[in-house]
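Novice: Generate a structure from the sequence data that follows.
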Amino acid sequence: MTVERATRRYFALLVPAMLVFMSSTLGIVWADDKLALPAAAPYALTVVPIAALLSTYWALWRFITEIDEFLRLIQIKSIIIGLIAVMMVITGWGLMEIYADAPALGIFWLNPLFWVAYAIAALIITKRDGGVW
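Specialist: Next up is the predicted model:
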């Protein structure tokens, strides 16, 4: 498979999944604030954004398996850097919560942190290693 086709397939799944994730997450927040939902309803409604989020990771997995070895290495390095960023924030902020009375950090923000760190790492590594943007 060509890189262009793999990239098109990746974004064809990633973009709708992220839109579903964001809109359903905002919908749950709105419904929980404005409507008198039963106590179990928010738990049941979270199935939609969780499935959408799983789709984003499936899209990334499929993309990595469809590209050549050079680009695959760039993606894997970027994923590792994204995970390092998440682990550093988890550990660092956790220590600050325990020892410096820092406010709690919502675990929800770890997923966006991963995607931002992954994207920045992919751009930097691609530019540094001479890959295709």
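Novice: how much space is there between Tyr10 and Ala51?
Specialist: For Tyr10, the distance to Ala51 equals 18 Å [CB to CB, to the nearest Å]. Just so you know, the C-beta spots here come from the backbone N, C-alpha and C atoms, and that holds for glycine as well.
Novice: Looking at these two, which one has more neighbours?
Specialist: Using other CB atoms under 10 Å, the more surrounded residue of Tyr10 and Ala51 is Tyr10, with 18 against 13.
Novice: pretty sure that one is touching Tyr57, no?
Specialist: No - judged on CB atoms under 8 Å, Tyr10 makes no contact with Tyr57 at a distance of 11.7 Å.
Novice: Tell me how many other residues crowd Ile28.
Specialist: Ile28: 19 neighbours (other CB under 10 Å).
Novice: Please list all residues in contact with it.
Specialist: The contact partners of Ile28, by CB atoms under 8 Å, 6 or more residues apart in numbering, come to 42, 45-46, 49.
Novice: so which of those comes closest to Asp129?
Specialist: Comparing these against Asp129 with CB to CB places Pro49 closest, at 34.1 Å.
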